[in-house]
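A.B. asks: Build the 3D model from these lines:
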Amino acid sequence: MNSKEKAYAIAKEKMFDNDAFSQWLGIEIIDLDAGKAVLKMTVRPEMTQGFGIAHGGITYSLADSALAFASNSHGQKSLSVETSISHLAAVNKGDQIIATATEESLGNKIAIYTIRITNQDEKLVALFKGTVYRTSKEWL
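C.D. replies: Numbering: from 1, shown residues only. So this is what the prediction gives:
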């Protein structure tokens, strides 16, 4: 099994199929590989807040799912220990947002990821950083 097949087997069959929240968000997996995940979703009316724009938790949740899929793609079960997000532009109802997770550092126990969230116009709307703890438990 190559790295792409392994990433899909873990993210899709072991994680996403049992992840009711990511499914509720309407997340679509666009691309996966070792240390990488690209996810897409559309902002629905019930995801907006009092200002009529997407609740910050929506971009955060999409980025958090991208972090999970990217960090677990190597086969070791990994859990977030620290995350942060910077919201850079409003996200509106109907917007398609794409989260692209990139592995910045991979150690035996700790890994760091950057997730860029863009809209359908490729405008950067949020930046997310995640640190994960890599356990000794394997997915496959």
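
A.B. asks: backbone phi and psi for Ser71, please?
C.D. replies: Per-residue torsions, Ser71: phi -70, psi -20 (degrees, to the nearest 10).

A.B. asks: Likewise for Asn108?
C.D. replies: Torsion angles, degrees, to the nearest 10, at Asn108: phi -60, psi -40.

A.B. asks: Now the closest residue in space to it that isn't next to it in sequence: which helix or strand?
C.D. replies: With sequence-adjacent residues excluded and distances taken as C-beta to C-beta, 6 or more residues apart in numbering, Asn108 is closest to Arg134, at 6.9 Å. Bear in mind the C-beta positions are built from the backbone N, C-alpha and C, glycine included. Per DSSP states H and E: Arg134 is located in strand 124-138.

A.B. asks: who does that strand pair up with?
C.D. replies: Here strand 124-138 has these sheet partners by DSSP bridges: strand 76-87 (antiparallel), strand 110-118 (antiparallel).

A.B. asks: quick one: buried residues of stretch 46-60?
C.D. replies: For stretch 46-60, burial by neighbour count (16 or more other C-beta atoms under 10 Å) applies to Met47, Thr48, Ile53, Ala54, His55, Ile58, Thr59, Tyr60.

A.B. asks: Skip the chain neighbours and tell me the closest residue to Lys12.
C.D. replies: Ile29 is the one closest to Lys12 (C-beta to C-beta, 6+ apart), at 6.5 Å.

A.B. asks: Go ahead and measure how far the helix or strand hosting that neighbour is from the middle of the chain.
C.D. replies: Ile29 belongs to strand 28-33 when assigned by DSSP H and E. Taking C-alpha atoms, centre = their mean, to the nearest Å, one finds the center of strand 28-33 at 10 Å from the center of the full chain.

A.B. asks: Following element in sequence after that strand, please.
C.D. replies: strand 36-42.

A.B. asks: For Phe69, pull up the helix or strand it's in.
C.D. replies: Going by DSSP H and E, Phe69 is in helix 56-72.

A.B. asks: Can you work out which other helices and strands pack against that helix?
C.D. replies: helix 20-25, strand 28-33, strand 36-42, strand 76-87, strand 96-106, strand 110-118, strand 124-138 (3 or more C-beta pairs under 8 Å, 6 or more residues apart in numbering; DSSP states H and E).
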